[in-house]
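Undergrad: sequence and predicted structure are below.
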Amino acid sequence: MSWLLLLSLLALCSGFAYWLLVTTEGTYLGARTVALLYDRVADRYDQIKRFKPEHEQALLARPILWALRERPAPLVLDVATGTGRIPILLLEWGAFDGKVVGLDLARRMLALAARKAARYQERVAFVWQTAMQLPFRDNSFDLVSCLEALEFMPRPKRALAEIVRVVRPGGLVVTTRRRGWERKLMPGKCWSAEECRALLGALGLERVRLLPWQTDYDLVWAWKPDGGPLPPDDRSERWFEMLLRCPACSGQPLLRQGATVCCSRCGRCYPVAADGVLELAGSRSPRPDGVRR
């Protein structure tokens, strides 16, 4: 084999590795690989992204608060929350009087989010879990957000369907659509504007709006049709527990038992870590009464 051919093969392999791990952030290697890559940069993530407060407030906080203006003490879920971008943004905004749940599969990112939100611990909760199976009852949240993340999930359409399932009738979904030439390097993960509108419409959402937002993203707003009044939510100190459902047995409630939450049907228990993160994606333990899963 000539040196020229060898160098060509090395360049080809290097280019493929760069596409696989950097351009697509490991999305074709599975959700755990994506989470691992994000965890490796968790301590530097906020510095890498360098979110500008004035942009965050103008393009996210104010429009979200306006959309929620008629909903007292709203409940918000941020899927793929990372280091707590949306929870921190809302909780630090004085006009927001609701509660927020942040969910992610990158555990170290969640640890940082929990640390940043520590002073709001009565109004925020973090969950280590995949977006493919959101551990919440139907029609739970007034708003669900998922920013710059869908294309890095194993099944983006399923994640969107889960998001629509847990948002309340009349509630808002805020997500993003990858655009620009790089989206062509992620086949099966990104959609055109027309495909995005059609997909959200097929999931039952209406008033779909795609707004230019960042170089690589449109911001997408869509509403779930109002299906009439729902029973009032429990917004007491048990608000988070009342939302939870077991990810292993189709929606059975999870009940707090000491430092775990447990399912009465299947017996699985999930730990609440020292930093307050509910670890549904971790190992499942026996119930406190000794009964195994």
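TA: Received the coordinates, thanks.
Undergrad: tell me the centre residue of the chain?
TA: Val79 (1.2 Å; C-alpha atoms, centre = their mean).
Undergrad: what sits against that one?
TA: Leu103, Asp104, Ala131, Leu134, Val144, Ser145, Cys146, Ala149, Ala159, Ile163 (C-beta atoms under 8 Å, 6 or more residues apart in numbering). In short, each C-beta sits where N, CA and C put it, glycine included.
Undergrad: Phe240: which of these is nearest?
TA: Nearest to Phe240 among those is Leu103, at 11.9 Å by C-beta to C-beta.
Undergrad: tell me the secondary structure at the residue lying closest to that closest one once chain neighbours are set aside.
TA: Leaving aside its sequence neighbours, Leu103 sits nearest to Val127 (C-beta to C-beta, 6 or more residues apart in numbering; 4.6 Å). Applying DSSP: H, G, I helix; E, B strand; the rest coil to Val127 yields a three-state assignment of strand.
Undergrad: so Val127 sits right up against Pro135, yeah?
TA: Yes. At 6.6 Å, Val127 and Pro135 qualify as touching, with contact defined as C-beta atoms under 8 Å.
Undergrad: now do the shared contacts for the two.
TA: Leu280.
Undergrad: returning to that earlier point: list the contacts of the nearest residue to the residue nearest to the centre of the chain once chain neighbours are set aside.
TA: Leaving out its chain neighbours, the residue that sits closest to Val79 by C-beta to C-beta, 6+ apart is Cys146, at 4.0 Å. For Cys146, the contact set (C-beta under 8 Å, 6+ apart) comprises Asp78, Val79, Ala80, Ala131, Ala159, Ile163, Val173, Val174, Thr175, Thr176.
Undergrad: so which of the contacts of Val79 is the closest to Arg265?
TA: The shortest approach to Arg265 among the contacts of Val79 belongs to Leu134, at 18.2 Å (C-beta to C-beta).
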